[in-house]
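[1] Build me a structure from this.
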Amino acid sequence: MPSLQNLILTDRAATPVARTFAPLDRNPQTGVITVGHSPDGSVVSRATLSVSHRKTNGKLKTRMVLSVPTVQTETINGISSPRVVRSAFADLTFTFAATSTEQERKDVIGMIQSSFDTSKVLVNDTLIKGESIW
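    Below you'll find the model as predicted:
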């Protein structure tokens, strides 16, 4: 069973940036853990990743939600304050039969991970470039 720990996630910048998401919360009642990364130490600019796992009706269900705010400094009457101007969200839910094998789950995760490769233009250009599929 994995323990709540730091999670290092790397972006796709020209010079990739590794961000350390530190533990924020663990809720035993809901099974949700949350880790967060704040580039400036502010709660306003904190990106969060939550992971939940539960077993229900013969299914294993895991959900991951990543939220990344874009923050700008707003100055009103000479007072500067950070303000979220937009946020990006990714919401992934994986559902497997409780009878599925570890290899079956590994294969599905591997295919999803592979679909995000920059060479997979169907997914990449739709997600990254905002292009429509024809």
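
[2] Quick check: bridge partners of H37?
    Beta-bridge partners for H37, by DSSP bridges, are A47.

[3] Enumerate every residue touching it.
    9, 19-22, 46-48 (C-beta atoms under 8 Å, 6 or more residues apart in numbering). Quick note: C-beta positions are derived from backbone N, CA and C, even for glycine.

[4] likewise V108?
    With C-beta under 8 Å, 6+ apart, V108 has these contacts: 94, 96.

[5] would it count as being in a strand?
    No. Judged by DSSP: H, G, I helix; E, B strand; the rest coil, V108 forms no part of a strand; its state is helix.

[6] now, which of the contacts of H37 sits nearest K61?
    Checking these against K61 by C-beta to C-beta gives T48 as the nearest, at 19.9 Å.

[7] want to try a markdown table for the contacts of H37, with neighbour count and pLDDT as columns?
    As requested, those are exported to a markdown table (neighbours: other C-beta atoms under 10 Å; pLDDT from 0 to 100):
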| residue | neighbour count | pLDDT |
| --- | --- | --- |
| L9 | 14 | 95 |
| R19 | 16 | 95 |
| T20 | 11 | 96 |
| F21 | 20 | 96 |
| A22 | 12 | 95 |
| R46 | 18 | 96 |
| A47 | 18 | 96 |
| T48 | 17 | 96 |
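
[8] low-scoring stretches of this structure, by residue?
    Low-confidence segments of the chain, defined by pLDDT under 70: 1.
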